[in-house]
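*Asks:* Okay, sequence plus prediction incoming.
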Amino acid sequence: MTSSSLRLHLAGVLLAGIALPAWAETPVVDIHKDPACGCCTAWAEHLEAAGFEVRQHETRDMRELKAAHGVSPRLASCHTAVVDGYVIEGHVPAADIRRLLDERPELQGLAVPGMPHGSPGMETGRQDDYAVLGFHDDGRVPSIFTNYSHD
């Protein structure tokens, strides 16, 4: 299906009153970051390249913002984002955010604690192993959502 025929198909779906599939909508990611953080901007560019609409908000009080979104210190990274009601903490790959939005698990959000080398926005030439954790706002132990191993 060509791009123009897809647009016509989606327009017909809208006129027919049928809900659009999740993949047809552009998710908006609101990123909260410190004004001086460059890796946060690189992560935002990674999300934009993957088709997300990104809005960046600068704040110097990240600790309070993280607490308000249920991000514990053990899950913390440099930036906190919100997309469709989910909290995204740190350098979570766009593919994992897409999977989260498609599957809609009962989670508060996803986190990549710290700033692992090789994660989106942290492309330094070194590749650390890291996990994307699914977390809840009730203090339950986070579970592994995706594991990235570079053996």
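*Replies:* Now that the structure is in, tell me what you want to look at. Predicted model only: the values in this text are computed from it and were never measured.
*Asks:* ok, for L133, nearest residue in space, not its chain neighbours?
*Replies:* P142 (3.9 Å; C-beta to C-beta, 6 or more residues apart in numbering). To be clear about C-beta, it is placed using only N, CA and C from the backbone, and glycine gets the same treatment.
*Asks:* List the residues that contact the one you found.
*Replies:* 75, 111, 133-136 (C-beta atoms under 8 Å, 6 or more residues apart in numbering).
*Asks:* Can you tell me which of these are buried?
*Replies:* Applying a neighbour-count criterion of 16 or more other C-beta atoms under 10 Å, the buried members of the contacts of P142 are 75, 111, 133-135.
*Asks:* Taking the residues you listed together, which two end up most distant?
*Replies:* Of all pairs drawn from those, the one with the largest separation by C-beta to C-beta is L75 and G134; the distance is 10.5 Å.
*Asks:* circling back: quick one: which of the buried ones among the contacts of P142 is nearest to D151?
*Replies:* D151 has its nearest neighbour among the buried ones among the contacts of P142 in L133, at 20.1 Å by C-beta to C-beta.
*Asks:* Secondary structure element for the closest one, which one?
*Replies:* strand 130-135 (DSSP states H and E).
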